[in-house]
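Peer 1: Take this sequence and fold it.
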Amino acid sequence: MTLFDYVLVAWMCLLILTCVFWILFSRKNLNALEERAKKAGLYEQEPVDVMGTRVLIISNVLVLPTYIARRFEGTPLEGISKMRAYASVADRRSALLLVLAMHTLALLTLVIYFLPVES
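Peer 2: Modelled structure (predicted):
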């Protein structure tokens, strides 16, 4: 097997891992986090999820440092940045695993694109 084959196998494993973390975060942690935020009066209406962007944005906001999340004030993402106050340790850990898997998958995709294919 060549280096390209090993990288493709690693990419497939990482894709499966990202899917598992996505499902776990969106079904378990995100639902509980949104319920806590609704009880606190953060949501007036049901949040809209366009092709999973809600999961992507909320997981990234939970992982970002606080000073970066404050930059969302005055934008449509302001409500999402306020959700950090209602996140538990398990929510943040699950979001961290998801974000690390997603960004590593994106980086590995770029590596695959630039690797030479050896035959």
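
Peer 1: switch to C-alpha atoms for all contacts and neighbour counts from now on
Peer 2: Will do.

Peer 1: So in this protein, which helix runs the longest?
Peer 2: Across the chain, the longest stretch assigned as helix under DSSP state H is helix 89-114.

Peer 1: Give me the buried positions along it.
Peer 2: 91-99, 101-102, 104-105, 108, 112 (16 or more other Cα atoms under 10 Å).

Peer 1: now stretch 62-80
Peer 2: So, applying 16+ other Cα under 10 Å, buried residues of stretch 62-80: Leu62, Val63, Ala69, Phe72, Ile80.

Peer 1: low-confidence ranges in this structure?
Peer 2: Applying pLDDT under 70 to the chain flags the ranges 43-49, 119.

Peer 1: now with 90?
Peer 2: Scanning the chain with the threshold set as pLDDT under 90 gives 1-5, 7, 30-58, 60-61, 64-86, 111-119.

Peer 1: now the strands: where do they sit in it?
Peer 2: Taking DSSP state E as the criterion, the chain contains no strands.

Peer 1: Please, where are all the helices along it?
Peer 2: According to DSSP H, the helices that the chain contains are 3-24, 30-39, 53-63, 66-69, 78-82, 89-114.

Peer 1: how about Trp22, what does it touch?
Peer 2: Val55, Leu98 (Cα atoms under 8 Å, 6 or more residues apart in numbering).

Peer 1: Tell me which residues are up against stretch 112-119.
Peer 2: For stretch 112-119, contacts defined as Cα under 8 Å, 6+ apart pick out Thr2, Phe4, Val7, Leu8.

Peer 1: filter these to the buried ones?
Peer 2: If we count by 16+ other Cα under 10 Å, the contacts of stretch 112-119 have these buried: Phe4, Val7.

Peer 1: Closest one of the contacts of stretch 112-119 to Thr18?
Peer 2: Of all these, Leu8 has the smallest distance to Thr18: 15.0 Å, by Cα to Cα.

Peer 1: ok, now which ones touch that closest one?
Peer 2: Ile112.

Peer 1: cool, and the one 3 residues further on?
Peer 2: Taking Cα under 8 Å, 6+ apart as the criterion, Trp11 is in contact with Leu105, Leu108, Thr109.
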